[in-house]
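Engineer: Sequence and predicted structure are below.
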Amino acid sequence: MKRYIIGFIGIVLHFQVLAGEIKYPVSQIPEALLEDVEAVVRLDESIFTVHSKEKTTNKIKWVCTILSSKADKYAKFVQWYDDLSKITSLKGFLYDKNGKLIKKLKSGDIIDQSYISGISLFEDNRVKIAKLTHASYPYTVEFECEVQFDHSFFYPSWTPLSYEKTAVEKSSIKVDVPTDLPLRFQEINVSPAKITEEGERKVYSWEEKNLIMTKGQAFTNKKIATSKVLLAPSKFGIDGVEGDMTTWKNYGKFIDQLSEGTIDLSPSAINKVKDLIKDVPTKKAQIAKVYEYLQEKTRYVSIQVGIGGWKPFPASMVDEKGYGDCKALSNYTKAMLEAVGINAFYTLVSAGDEPRPILKDFPVNNFNHAILVVPLEKDTVWLECTSQTQAMGYMGDFTGNRDVLVVTPEGGEIWRTPAYKKDVNYTKRNVKVSLDEKGNAKINSNTIFSTLQEGSRAFLVNNSKEEQKKWLYEQIELSDFTINNFSMKRHKSEFPYIEEKLEIDDPSFARVSGKRIFIEPNIFSKWDYIPRKVEERKNDVYLDNSYDFIDTDTIEFELPENYHVEYKPDPVSLENQFGKYSMTIEVEHNKVKYIRKWEMNPGTYPKDSYEELRNFYKEITKLDKTKIVMVNNT
């Protein structure tokens with residue numbers, strides 16, 4: 001009997017092994033991590049190993065419990081690769097809520113596709129996408145991936161908590177490097193590293209547990225508030241080229257080294273550029289002439305292959321083909337300018353709405369774009385070489401107001417691109433409204449949107465009239481109106497602006513009640529956003545450069561015959577550290593003039609001033625709904 005029982009137990013144990021061990025049951029998740037989240041990251045682990053200047057590997061393990069269909073996106077694992085990297089292993093497992101293995105990742109579950117973007121002619125980037133989903137919630141996915149890199153140019157960064165509506169049970173990263181290739185790192189709002197030394201290697205480890213992503217607080221500088229560890233090499237190699245990243249100067253030398261031999265315009269191309277500027281008197285005007293030639297001759301096409309993702313293609317190729325990526329076009333423009341004796345510097349920038357900042361004491365490759373800078377004796381000209389429509393010198397919000405790495409013959413230097421302050425960043429609107437006794441309105445509006453205030457109009461102005469009209473109908477907040485005529489014209493300059501003219505009929509603009517007509521004079525600029533109330537503000541209040549503006553509306557109403565103003569609010573003026581707001585209404589005979597002016601001040605303010613900012617918005621929202629009452633005299 002005992003032999004039978006023992007044998008039976010052995011069969012059961014063997015069956016359990018075959019069926020798969022119980023892993024990651026939902027019951028083991030701490031209760032506090034399940035509150036108001038859609039998913040719980042059970043484990044987010046990376047082990048990054050530097051083998052040499054030309055070889056690194058990254059082993060990734062990602063385990064996530066999906067609590068509802070809203071979080072199915074976290075059941076997907078995405079890993080890119082290219083000619084300088086390869087995915088050597090990719091495994092996946094799906095578990096039910098009790099931790100029972102119900103599926104393993106098969107080759108048919110993996111999509112392997114090109115990562116070519118819509119603006120690329122060719123690039124060697126590819127991506128593998130693995131997905132495991134289950135019809136019954138909650139469920140857990142586990143992915144294991146190993147990637148081998150034929151360079152040490154890029155090191156991963158570590159952000160222990162980065163997904164909305166999620167909690168993290170454990171997140172960690174381990175970096176294993178040779179002692180002769182020292183790791184550089186910067187810790188931001190995380191526990192300090194544990195460092196161990198094993199022979200000729202050094203291992204750095206970071207770990208965080210039981211983290212909950214709180215709801216984001218408005219007006220927060222995410223670059224400062226985020227918890228992360230930045231990692232970077234000291235000396236590195238990529239595609240046979242070695243570099244030093246310990247200083248920005250040395251990193252600039254590496255980038256300059258990549259450009260060697262690419263300033264190779266043919267004699268005929270050089271003569272063409274010289275002919276362009278032979279009768280142009282000043283250097284700035286000569287730069288403008290070359291820039292216009294660039295815009296007419298070339299178009300932007302991304303080409304990303306191997307080290308070509310960082311090395312500009314030769315100027316001669318761009319001159320012949322008529323296209324290139326940001327690096328190639330910037331390098332081509334540099335070559336043309338140098339051909340006529342004007343020095344220009346190739347420049348790296350983190351472009352976009354949320355640029356990665358340049359840390360002056362921590363060189364790291366955080367760049368995604370290249371531009372050109374031309375220093376003159378009394379001025380500095382910045383050139384966005386990928387645009388066929390932009391004015392010379394204008395950076396906008398894509399590359400403006402940020403530190404950049406200028407590559408000089410002596411090495412890298414940190415410069416700053418132009419910021420657009422309220423003297424050039426504004427909206428000025430002048431409107432005339434003719435009212436009749438039935439509340440019908442004929443509205444004629446002329447508005448200037450300057451620099452950053454151009455917004456979507458900067459792109460829309462190149463679209464068809466039909467597309468522009470459709471967009472205007474979506475933007476104008478009148479209940480029942482017809483656009484009879486309109487125009488949008490962009491004036492190109494260092495401080496460009498769009499002039500927009502509108503002719504509108506609105507048969508229900510005003511509300512009529514007996515002898516009275518009620519209007520809200522703010523037609524186009526009503527503000528309706530009030531930041532939510534926060535019981536405990538954790539971060540300082542941050543207003544970025546887009547808040548450095550002045551908006552002015554002047555709206556004149558011509559009243560119907562025999563009507564006069566029965567009620568108008570008194571003038572209002574608000575002022576605090578964040579900005580100013582004023583509203584006045586003037587009456588003269590049968591004309592009413594509404595003047596609204598609002599300006600803001602960018603900057604970082606103490607966290608306890610948040611309620612002051614919130615009240616400021618609340619007052620503006622209320623004042624923008626101001627009403628005027630008119631009554632018939634007869």
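Structural biologist: Yes, it's here. Numbering: from 1, shown residues only.

Engineer: Domain boundaries for the protein, per the record?
Structural biologist: The chain resolves into domains spanning 26-240, 247-416, 426-532+540-632 when parsed by automatic domain parsing.

Engineer: now the second one: mean pLDDT?
Structural biologist: Read it as domain 247-416. Taken as a whole, domain 247-416 has an average pLDDT of 92.

Engineer: What of the longest one?
Structural biologist: For domain 26-240, the mean pLDDT works out to 91.

Engineer: Now do the end-to-end distance for that domain.
Structural biologist: 48 Å (C-alpha to C-alpha, to the nearest Å).

Engineer: same question, the second one
Structural biologist: In domain 247-416, first residue to last residue: 18 Å (C-alpha to C-alpha).

Engineer: looking at the domains of the chain, which is buried most?
Structural biologist: For the domains of the chain, average neighbour numbers computed from mean count of other C-beta atoms under 10 Å are highest in domain 247-416, which has a mean of 18. All C-beta atoms are positioned from the backbone trio N, CA, C, and that covers glycine.

Engineer: so how far is that domain off the chain centroid?
Structural biologist: 22 Å (C-alpha atoms, centre = their mean, to the nearest Å).

Engineer: How about stretch 423-431?
Structural biologist: Centre to centre, stretch against its chain (C-alpha atoms, centre = their mean), the figure for stretch 423-431 is 26 Å.

Engineer: do the same with stretch 131-149
Structural biologist: Centre-to-centre, stretch 131-149 and its host chain are 28 Å apart (C-alpha atoms, centre = their mean).

Engineer: Next: stretch 534-550.
Structural biologist: Here stretch 534-550 is found 17 Å from its chain centre; the criterion is C-alpha atoms, centre = their mean.

Engineer: which outside residues touch that stretch?
Structural biologist: When contacts are defined by C-beta atoms under 8 Å, 6 or more residues apart in numbering, stretch 534-550 is touched by residues 214, 217, 219-221, 224-225, 397, 400-401, 419-422, 425-427, 452-453, 578-579, 597-610, 613.

Engineer: What are the contacting residues of the helix or strand containing K253?
Structural biologist: Element membership for K253 (DSSP states H and E) is helix 248-258. Helix 248-258 is contacted from outside by 241, 243-245, 307, 310-312, 346, 348, 358, 360, 363, 365, 405-414, using C-beta under 8 Å, 6+ apart.

Engineer: what's the answer for stretch 190-203, then?
Structural biologist: The contact list for stretch 190-203 (C-beta under 8 Å, 6+ apart) reads 160, 174-180, 182-183, 185, 187, 204-208, 227-229.

Engineer: same deal with stretch 369-379?
Structural biologist: With C-beta under 8 Å, 6+ apart as the test, stretch 369-379 has contacts from 283-284, 287, 312, 326-327, 330, 333-334, 337, 342-351, 380-385, 395, 399, 404, 406, 415.

Engineer: Just the C-alphas of it, formatted as PDB.
Structural biologist: Output of stretch 369-379 as PDB, limited to C-alpha atoms (Å, rounded to 0.1, in the frame of the first residue of the first chain):
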ATOM      1  CA  HIS A 369      17.600  65.700 -35.200                       C
ATOM      2  CA  ALA A 370      20.300  67.800 -36.900                       C
ATOM      3  CA  ILE A 371      20.200  71.500 -37.800                       C
ATOM      4  CA  LEU A 372      22.700  74.100 -38.800                       C
ATOM      5  CA  VAL A 373      24.000  77.300 -37.100                       C
ATOM      6  CA  VAL A 374      25.800  80.200 -38.700                       C
ATOM      7  CA  PRO A 375      27.500  82.600 -36.400                       C
ATOM      8  CA  LEU A 376      27.900  86.100 -37.700                       C
ATOM      9  CA  GLU A 377      29.700  89.000 -36.200                       C
ATOM     10  CA  LYS A 378      26.600  90.600 -34.800                       C
ATOM     11  CA  ASP A 379      24.000  87.900 -35.200                       C
END
